[in-house]
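> would you be able to build a 3D model of this:
(2 chains)
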Number of protein chains: 2
Amino acid sequence: MNELLTIYEVGPRDGLQNQPTLVSGRDKTALIGKLVAAGLGHIEATSFVSPRAVPQMADAPDVLAAAMNNHSEVRFSALVVNPRGYHRARAAGAQSIAVVAVLSETLAGKNNRMSAQDSVAMAADLAGRAHREGVACRVYLAPAWVCPYHGAVPQPTVLAAADRMWQAGVGQLALADTIGHAHPLEVGRLCEKVASRCDASRLAVHLHDTQALGLANAAAALSAGIRTVDASIGGLGGCPFAPGAAGNLATEDLVLMAEKMGFSTGVDLDSLWRAVDFAQALVGRDLGGRTAAWWRSHRRATPDSPYNTDVAGCGSLLRDH
Amino acid sequence: MNELLTIYEVGPRDGLQNQPTLVSGRDKTALIGKLVAAGLGHIEATSFVSPRAVPQMADAPDVLAAAMNNHSEVRFSALVVNPRGYHRARAAGAQSIAVVAVLSETLAGKNNRMSAQDSVAMAADLAGRAHREGVACRVYLAPAWVCPYHGAVPQPTVLAAADRMWQAGVGQLALADTIGHAHPLEVGRLCEKVASRCDASRLAVHLHDTQALGLANAAAALSAGIRTVDASIGGLGGCPFAPGAAGNLATEDLVLMAEKMGFSTGVDLDSLWRAVDFAQALVGRDLGGRTAAWWRSHRRATPDSPYNTDVAGCGSLLRDH
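A predicted model of the protein is given here:
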């Protein structure tokens, strides 16, 4: 098989944005360096949002500039939630932006202080503007499955918003399981449905792992033809408005599963775990996705199993079946 | 949808068999009572194996008799690995047995001190005998995907063994990911392939969660039409010959995902978590599958989210999308 799978790394943005410990711009830059060294080529580096609301992202211009200077081969995106953020991101040199269209009334009110309708309209405006200005643009449709306040998000709502974004000229749509409550059947169904109305290569899924369904949902999306999946190093992240939410789908979990399934991610697991260790030191607590216990035990090489002898490259481990 | 999903609970056998703390027959009986109270209707209660090799199962006759006496509505199985075990199980009143056909040379040697060919032949003999004697019989084909010593198990090996068991009159075949190294694509593929040669309703999957792919693999099996999935309370278990192996797919993880997907398992999550707590006390360490953190946080009800108000029945939580 060896189809390519693009991993869109959101750790520096979605992962860090709610961390109580303020991480320095220098440390963020170092973390990004480790992610790039592991082979990640698409990274959401920061967000241009209100520094009062999200102090962790106050250094967005510096972090983005450093990332783009240090790694010209990587595509760095910056999240914006309104035209003001778009201006700031552009002024800082952003060539790729990510916009959120909030599909739930209550979340739109809490997150953006506007109605869901206005949030969708604003995202479409920004996507259109980016298109005209030659800036790459992804739009998150969030939540695409389950809202913590209203429950199930009606599929027609998602499809209408998707259509609107395509018409506006969006480059990529990311269907977001914002609080990690979607299940594999509905993930597969919606992915297939949206893909049938557009080019599937322009679709992504953004999954959280709250109910431990991150990998199962990712597998369902892959089966539905999705070839861009978001993930966050060490499983960093989580939605501030979803009580009990765990973090994002962990990059290391996704890489392990995808490579075993025969996809090429271009990511080296050993290097990726060095990035996990580094992120752990930054936030001052244990990180690592669902595969952490296995990985750590696997690294304590056991001589009589072939599964424990090829620690460095994981080659035989990942690809021999 | 609301299709039925049968959960085949293996905690009292696969879960407990390698626990270093010896659990009393009385406690095993109490655990089984809690599993039944949670709604589980198919339970592998014990195994009739050498008490020297597996001291934890030395009380098999008593545990099986107590279970069958206390809960006549439940189907209890007993694992056997040879004719001697079959005799003992029958003498103890077993109406349902489970046999292992080991498909890997090295595992067959270590586990059963015989060749893989002899292990398959023995399982077929026992299945035929059970069939003639009116005893329900399941055969595990193990490992069906990945062997810790030889890597990938060739699909023709599995298919030939499956055919042989059907010919012998086996009631149910369980494809086993013994060490938890299979990935969702190959789980789906093999399930579809075996199902195409028999009645899919007579197939089961037995999954371990070593690499955190238990739920993703279960979802793939469900998509392939499998309607019996093995699980172990609290994720208890693990293969003694697989270094670094985690336990079985946790029953509570499977129930949460399956009910969200629209299947009826007949299991009540609240009661199931009481069984997890009880099992935890028995083995003296923390248990709980991948959903444990979410569940515990969910139980600390947060008033402004509908997701946290229906704690008792999980009804709205599980079924509103």
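> please make it C-alpha for all contacts and neighbour counts, starting now.
Will do.
> the closest residue in space to A:Ala66 that isn't next to it in sequence and chain B, how far apart?
Distances taken as C-alpha to C-alpha, 6 or more residues apart in numbering or on different chains put A:Thr29 closest to A:Ala66, at 6.7 Å, once the chain neighbours are dropped. For A:Thr29, the distance to chain B equals 30 Å [C-alpha to the nearest C-alpha, to the nearest Å].
> and A:Thr29, which helix or strand is it part of?
Assigned by DSSP states H and E, A:Thr29 falls within helix A:25-37.
> which other helices and strands contact that helix?
helix A:60-70, helix A:269-283 (3 or more C-alpha pairs under 8 Å, 6 or more residues apart in numbering or on different chains; DSSP states H and E).
> quick one: contacts of stretch A:99-119?
If you take C-alpha atoms under 8 Å, 6 or more residues apart in numbering or on different chains as the criterion, stretch A:99-119 is touched by A:79-82, A:120, A:122-123, A:126-127, A:137-144, A:147, A:149-150, A:153, A:157-158, A:241.
> identify those among those that sit within helices.
Secondary structure assignment by DSSP state H places A:120, A:122-123, A:126-127, A:157-158 of the contacts of stretch A:99-119 in helices.
> farthest-separated two in the residues you listed?
For those, the farthest-apart pair by C-alpha to C-alpha is A:Leu126 and A:Thr157; their separation is 19.4 Å.
> which one's more surrounded, these two?
Taking other C-alpha atoms under 10 Å in any protein chain shown, A:Leu126 and A:Thr157 do not tie; A:Leu126 has more neighbours (26 against 13).
> that one and A:Pro83 touch, don't they?
Yes - A:Leu126 is within contact range of A:Pro83, at 7.0 Å (criterion: C-alpha atoms under 8 Å).
> for the stretch 151-300 of chain A, give me the ranges with low pLDDT.
Low-confidence segments of the stretch 151-300 of chain A, defined by pLDDT under 70, are located at A:238-246, A:300.
> any idea how far A:Ser201 lies from A:Ala195?
8 Å (C-alpha to C-alpha, to the nearest Å).
> ok, which of the contacts of stretch A:99-119 also contact chain B?
Among the contacts of stretch A:99-119, proximity to chain B is found for A:149-150, A:153 (C-alpha under 8 Å from any C-alpha of the partner chain).
> list just the nearest of these to chain B.
For these, the residue nearest chain B by C-alpha to the nearest C-alpha is A:Tyr149; the value is 5.8 Å.
> and the closest one, backbone torsions?
The phi/psi pair for A:Tyr149 (degrees, to the nearest 10) reads phi -100, psi -40.
> what's the neighbour count on it?
If you count neighbours by other C-alpha under 10 Å, A:Tyr149 ends up with 16.
> distance-wise, check it relative to A:Ser104.
8 Å.
> check what pLDDT the closest residue to A:Gly93 other than its chain neighbours gets.
Spatially, and ignoring its direct neighbours in sequence, A:Gly93 is nearest to A:Ala65 (7.1 Å; C-alpha to C-alpha, 6+ apart). Looking at A:Ala65, its pLDDT is 98.
> how near is whichever residue of the stretch 201-321 of chain A sits closest to chain B to A:Val187?
Of all residues in the stretch 201-321 of chain A, A:Ala216 sits closest to chain B, at 3.7 Å by C-alpha to the nearest C-alpha. Distance, A:Ala216 to A:Val187, using C-alpha to C-alpha: 9 Å.
> again with A:Arg129
Shown here: A:Arg129 relative to A:Val187, a distance of 30 Å by C-alpha to C-alpha.
> again with A:Gln95
Look at A:Gln95 and A:Val187: by C-alpha to C-alpha, they are 30 Å apart.
> A:Tyr86 now?
In terms of C-alpha to C-alpha, A:Tyr86 sits 30 Å off from A:Val187.
> before we move on, what about A:Leu287?
Taken as C-alpha to C-alpha, the span from A:Leu287 to A:Val187 is 26 Å.
> and A:Thr210, by the same measure?
From A:Thr210 to A:Val187 the distance is 15 Å (C-alpha to C-alpha).
> all helices of chain A, in order?
A:25-37, A:60-70, A:83-91, A:105-112, A:116-132, A:155-168, A:184-195, A:214-223, A:251-260, A:269-283, A:292-299, A:315-319.
> using CSV, lay out these together with distance to B:Ser47.
As requested, those are arranged in CSV below (distance: least, C-alpha to C-alpha, whole Å):
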stretch, distance to B:Ser47
helix A:25-37, 48
helix A:60-70, 59
helix A:83-91, 64
helix A:105-112, 52
helix A:116-132, 58
helix A:155-168, 48
helix A:184-195, 34
helix A:214-223, 32
helix A:251-260, 33
helix A:269-283, 39
helix A:292-299, 28
helix A:315-319, 32
